[in-house]
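*Asks:* Attaching a predicted model along with its sequence, questions to come.
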Amino acid sequence: MYYQDYYIHTYEVDIHKKLKVSALLNYFQDAMVHNADSYGAGTDFYQSIGLVWVLIDYEIDIISLPVGKSTVTCGTLPYSFKRYFAYRKWEMWDQDKNLIAQAKGKFVLVDILTKEIVTPTKEVISMFKYSSTTAQALKFSKNKQLNTQVIYQSEDIVKTSYIDINNHMNNVYYMIVAYDNIPSNILEKHQLKQIRITFKKESLLGEKLVIEGRKAENILSFDISNKETLLSRVKFVFK
């Protein structure tokens, strides 16, 4: 497993002085990038051959969020490959070595020009050190639309700050757009336990986003769409 330490700055904490969930996801993403770069399989390499890894499923389990002005350690590794899919794991520990969060992701390799999914070759797979030699898949919880009425609805525009190096809306911003629609009284009274994100389609600069939220007991689920096309579904589970 690859390890990277992060100091939690004051601009990365919420009103409770704890790490924002957006920063947690950014740490995981940054650790993944450094890990891939360490063995020559980073974004620059794939862009040079016209390919890009695209995250399609993401599940983050939160045990407790650390406070600001402390240090956390993120660990990550490419876990396995099966058919078209690549799987990755993450973990986070506080400065006392307590496990405070863990995550798993499911990726596909996409041709930048044709947008078609590409099967990873043996050469590609061999670049990912420490991954399992056995073809196996990680299991994800279901992320179906809740069978309840829409009670939260808003609109947004894909802004310049949302765009990443792949020239589309960064994955973390789908979570941020959904999170910003959670009522403050829920965030004040309940602790976030899990974030489940399914990515369906990319979104580009200037596109209009429609966010619709549903609630069922301790679950809030948000569909983020562009016109009639579902772009992402983000589910939050609270304790």
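*Replies:* Received the coordinates, thanks. Numbering: from 1, shown residues only.

*Asks:* Give me the buried positions along stretch 221-236.
*Replies:* By neighbour count on 16 or more other CB atoms under 10 Å, the buried set for stretch 221-236 is 221, 222, 223, 224, 225, 226, 231, 232, 233, 234, 235, 236. C-beta here means a position set from N, CA and C on the backbone, and glycine is covered the same way.

*Asks:* What are the buried residues along the lowest-mean-pLDDT helix or strand in the chain?
*Replies:* Within the chain, no helix or strand scores below helix 122-127, which has a mean of 81 by mean pLDDT, DSSP states H and E. Within helix 122-127, the residues scored as buried using 16+ other CB under 10 Å are 124, 125.

*Asks:* Using PDB, list the CA coordinates for that helix.
*Replies:* In PDB, the C-alpha atoms belonging to helix 122-127 read as follows (Å, rounded to 0.1, in the frame of the first residue of the first chain):
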ATOM      1  CA  LYS A 122      -1.600  -7.400 -19.800                       C
ATOM      2  CA  GLU A 123       0.900  -4.600 -20.200                       C
ATOM      3  CA  VAL A 124      -1.400  -2.100 -18.500                       C
ATOM      4  CA  ILE A 125      -2.200  -4.400 -15.700                       C
ATOM      5  CA  SER A 126       1.400  -5.200 -15.000                       C
ATOM      6  CA  MET A 127       2.100  -1.500 -14.400                       C
END
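
*Asks:* which element follows that helix toward the C-terminus?
*Replies:* Next helix or strand after helix 122-127 toward the C-terminus (DSSP states H and E): strand 152-157.

*Asks:* what helices or strands is that next one leaning on?
*Replies:* In terms of contacts (3 or more CB pairs under 8 Å, 6 or more residues apart in numbering; DSSP states H and E), strand 152-157 is packed against strand 208-216.

*Asks:* one step back: can you tell me which of the buried residues of stretch 221-236 end up in strands?
*Replies:* If you go by DSSP state E, those have 221, 222, 223, 224, 225, 226, 231, 232, 233, 234, 235, 236 in strands.

*Asks:* what sits up against the longest helix along the chain?
*Replies:* The longest helix of the chain (DSSP state H) is helix 21-38. By CB atoms under 8 Å, 6 or more residues apart in numbering, the residues outside helix 21-38 that reach it are 2-4, 6, 8, 12-13, 42-43, 60, 62, 65, 72, 74-78, 88, 90, 92, 101, 103, 171-172, 175-176, 179, 192, 195.

*Asks:* Could you name the helices and strands sitting against the next helix or strand after that helix?
*Replies:* Per DSSP H and E, helix 21-38 leads on to helix 43-48 as the next helix or strand towards the C-terminus. Counting contacts by 3+ CB pairs under 8 Å, 6+ apart, helix 43-48 packs against strand 51-62.
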